[in-house]
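> next come a sequence and a model predicted from it.
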Amino acid sequence: MTSRSLSRIIPSIPVSDGAGVKLRRSLGQSQGLRLDPFLMLDEFASDNPDDYIAGFPPHPHRGFETVTYMLAGEFEHRDHLGNTGHLRGGGAQWMTAGRGIIHSEMPLQEQGRLHGFQFWINLPASEKMKPASYRDIEPEDIPERKIAGGRVRVIAGAFDTGDGAALPGPIQGLSTAPLFLDLRLEAGARVSQQLPAGHNAFLYPYAGSLSVISGDGAQPLPTRQAGVLSDGERVELEAGPDGCGVLLLSARPLGEPVVQYGPFVMNTREEIEQALDDYRAGTLA
Ligand code: FE
């Protein structure tokens, strides 16, 4: 079985989004820096309310899914469907924008630490115009398991426990078959995880650092850099001298044209123009 190596590193860069939230963006910082079907990965991590208090007032999306995962702090989601969601440390939200959603994402705190992630994952052409939906995933609904040298939390797909069993997360059955793990490892701990051949995959260490172990040797991946993996059947990681906290994501690539204009991600320019027309006319969602 081929162990995947690091094929590309995309360092995160500071950006500002929403009404002035300070973020670090790796995937998606430019249109060439995507990993089909992943469009973007943002990390927000700050103890300073000035960095997050403005939040993300009402804004639209069409054509893809947004996934938010919180390590610390609280956010409130509200959308045009009348949903109110409360995101807290350890929890997640999986939102399918589909044909359109208008939502706000606002911090529920005026001080203290806010740390979390949002990634965007594309929908196939056949699902871009399906009705919007969203799901709050409470911290206690994310399975967490002790493993040798650390622990794993499974948000989507399943962790390969190594004994022939699998630990499934709450998100299953999507056409891109995403895997989304949060791994915390002690210094020098090793983890091996099966990944379907042909699925694109990347790592994002948000604390500490790690090395990817493969036939190419041990390739280091520093904190806050997205490490894109080559193809293969598994990935083997070794935590650095300070241990690590790392997100591991994989999904089936769509292989379709991507035309993005801000919060709209479609297959053609005409579909983007339609989204803009619909938004202006109040018929996006
Ligand atoms: Fe949004």
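That came in fine, so what should we check first? Residues are numbered from 1 along each chain as shown.

> which helix or strand contains Arg135?
strand 133-137 (DSSP states H and E).

> now that strand: mean pLDDT?
On average, the pLDDT along strand 133-137 is 94.

> which residues sit against it?
Residues outside strand 133-137 that contact it (Cβ atoms under 8 Å, 6 or more residues apart in numbering) are 77, 79, 83, 85-87, 91-96, 98, 101, 155, 170-171. All C-beta atoms are positioned from the backbone trio N, CA, C, and that covers glycine.

> report the strands that pair with it, each with its relative direction.
strand 92-96 (antiparallel) (DSSP bridges).

> helix or strand next in line after the partner strand, which one?
strand 101-107.

> which elements pack onto that following strand?
If contacts are counted by 3 or more Cβ pairs under 8 Å, 6 or more residues apart in numbering; DSSP states H and E, strand 101-107 sits against strand 56-61, strand 74-79.

> now render those strands as JSON lines, adding mean neighbour count.
Putting the helices and strands packed on strand 101-107 into JSON lines (neighbours: other Cβ atoms under 10 Å) gives the following:
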{"stretch": "strand 56-61", "mean neighbour count": "17"}
{"stretch": "strand 74-79", "mean neighbour count": "19"}
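
> and the ones you listed: which comes nearest Phe117?
Nearest to Phe117, of all the helices and strands packed on strand 101-107, is strand 74-79, at 11.7 Å by Cβ to Cβ.

> what element comes up after that closest one heading to the C-terminus?
strand 84-88.

> what angle do that following strand and strand 133-137 make?
Per axes from the mean of the first three to the mean of the last three Cα atoms, to 10 degrees, the angle that strand 84-88 makes with strand 133-137 is 40 degrees.

> assumed Ala275 was part of a strand.
No: under DSSP: H, G, I helix; E, B strand; the rest coil, Ala275 falls outside any strand and is assigned helix.

> give me phi/psi at the spatially closest residue to it that is not a sequence neighbour?
Counting by Cβ to Cβ, 6 or more residues apart in numbering, Ala275 lies nearest to Phe264, which is 4.2 Å off, once chain neighbours are set aside. Backbone torsions for Phe264, taken as degrees, to the nearest 10, come to phi -110, psi 130.

> sweet, I'm off.
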